[in-house]
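Q: need a 3D model of the following:
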Amino acid sequence: MSTPTIAVIGGTGKSGQFLVQQLVQDGFHIRLLVRNPAHALAASPQLTIVPGEVSNYHSILHLLQGCIAIISTLGFGLPASAPTIFTQSTTHVLEAMQAHGISRYILTTGLMVDTPFDRKGEQTMSATNWMRQTYPASTTNKQEEYELLATSTLDWTMARLPVIEQATEAPPIVTSLEDCPGNKISASSLARFLIDQLNDKAFFRKAPFIANAP
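A: Presented below is the predicted three-dimensional model:
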C-alpha cells in the first residue's frame, strides 16, 4: 500500500513546523504550500514544496493533487496577509477538495470563534471579547470561516486553541465542545492531535476546544 500524502497549509509557521516534523516522523508524504520560498523547511524526501498562496484557487487546486486530506495551521504570516485570508483559504480549499474527491479537512483557529454548542466560561469569554475588540476584522473573518464549514457537507474538524507554546514536550490534551479547558497548548501536543484526527471520526463536522490539562 502506498504511503498517504497530506496537504499542509501554514506549515512554515511556528506551530506548523511542529506539525510537518511530526508528519515526517510518522512516515507521511507531505505537499506543503509555501508563499515565500525563502521560508521553505529543510529538504526531506517526504516533503514536496508547492509555491503558491491560499488566496489563489489554482494554487490550492495544485496543492491537493494526490492527497488524501488537508491540514491547515494558517496564520497571517510575514508579511501579514489581509484579515480576510481565512475565509479565502477555506473557500478555495472546500472547492478544490470537491474537485479532487477529498473529504477530510482539519484546521485550527482561535478560541474566540463561537458555535451553537458553546457554554463559554468567564475566562474564555474574556479572551473572546478581547479579540473582538482588538482584532475585529480578523475575528469576524474567523467566525465567517466557521460558518462556511458549518454549511459544508465535507468531513471537517476545526480545533479552537488557547495560547500555543513552542515546546517539544507533548503533554496530554483535554477537549471540550463547550468551553476551553485550559489556557495553553504545546505545539507538539497540537501536532499530535491534528494528525490523530486523520483517522478519528469523533470530531467530524465539529469545532472542539483543545488545551493541555491545567
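
Q: going along the chain, name the helices of the protein.
A: 14-25, 57-63, 85-100, 122-134, 136-150, 187-196 (DSSP state H).

Q: okay, buried residues for the first one please.
A: Buried residues in helix 14-25, defined by neighbour count with 16 or more other Cβ atoms under 10 Å: Ser15, Gly16, Gln17, Phe18, Leu19, Val20, Gln21, Gln22, Leu23, Val24. Where you see a C-beta, it was placed from the backbone N, CA and C, and this is true even at glycine.

Q: next: the second one.
A: Under the neighbour-count criterion of 16+ other Cβ under 10 Å, helix 57-63 has Tyr57, Ser59, Ile60, Leu61, His62, Leu63 buried.

Q: now, which of the residues you listed sits nearest Glu122?
A: Ile60 (38.8 Å; Cβ to Cβ).

Q: now do the contacts for the closest one.
A: Ile60 sits next to Leu33, Gly52, Val54, Ser89, His92, Val93, Glu95, Ala96 when contact means Cβ atoms under 8 Å, 6 or more residues apart in numbering.

Q: and the fourth one, what does it touch?
A: Going back to what we said before, that points to Ser89. Ile9, Val54, Ser55, Ile60, Ser72, Leu74, Glu145.

Q: got these as CSV, with distance to Ser188 and pLDDT columns?
A: Output for these, formatted as CSV (distance: Cβ to Cβ, whole Å; pLDDT from 0 to 100):
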residue, distance to Ser188, pLDDT
Ile9, 19, 97
Val54, 25, 94
Ser55, 30, 93
Ile60, 27, 98
Ser72, 18, 98
Leu74, 19, 94
Glu145, 25, 97
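
Q: Phe86 and Tyr135, how far apart?
A: 12 Å (Cβ to Cβ, to the nearest Å).
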